[in-house]
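[1] Following is a predicted model, sequence given first.
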Amino acid sequence: MSKVITNMAGNVWKVLVNIGDKVEEGQSVVILESMKMEIHVTADEPGIVKELKVNEGDFVDDGDIILELEY
């Protein structure tokens, strides 16, 4: 199992995947909004979305888990 984590604090503006979706390495899975900029959070490796840990509108800190992938 792999976890996708944030690399900065911000608000979850858009969740781009759903549970059960297949994602590729480097694919954007969530877009954060911070200081009026859009920051794409990407998957570090391929997998299938097992669990979403955030919803649109949530605030996340640097290092928070966004979602979990299984192989």
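    Cool, got the structure.
[2] show me what contacts Met37?
    If a contact means Cβ atoms under 8 Å, 6 or more residues apart in numbering, then Met37 has no contacts. C-beta here means a position set from N, CA and C on the backbone, and glycine is covered the same way.
[3] Beta-bridge partners for it, please?
    Ser34 (DSSP bridges).
[4] burial count for Lys3?
    14 (other Cβ atoms under 10 Å).
[5] Now do whichever strand or helix holds Leu32: distance to the chain's middle.
    Here Leu32 sits within strand 28-34, counting by DSSP states H and E. Between the centre of strand 28-34 and the centre of its host chain there is 7 Å, according to Cα atoms, centre = their mean, to the nearest Å.
[6] average pLDDT for it?
    Here strand 28-34 scores 97 as its mean pLDDT.
[7] Now do the buried residues in that strand.
    Val29, Val30, Ile31, Leu32 (16 or more other Cβ atoms under 10 Å).
[8] Could you list the residues in contact with it?
    By Cβ under 8 Å, 6+ apart, strand 28-34 touches 4, 6, 8-17, 23, 38-43, 49, 54, 60, 66-67.
[9] List buried residues within those.
    If we count by 16+ other Cβ under 10 Å, these have these buried: 4, 6, 10, 12, 15, 17, 23, 39, 41, 43, 49, 54, 60, 66-67.
[10] Take those and keep only those in strands.
    If you go by DSSP state E, the buried ones among the contacts of strand 28-34 have Val4, Gly10, Val12, Val15, Val23, Ile39, Val41, Val49, Val60, Ile66, Leu67 in strands.
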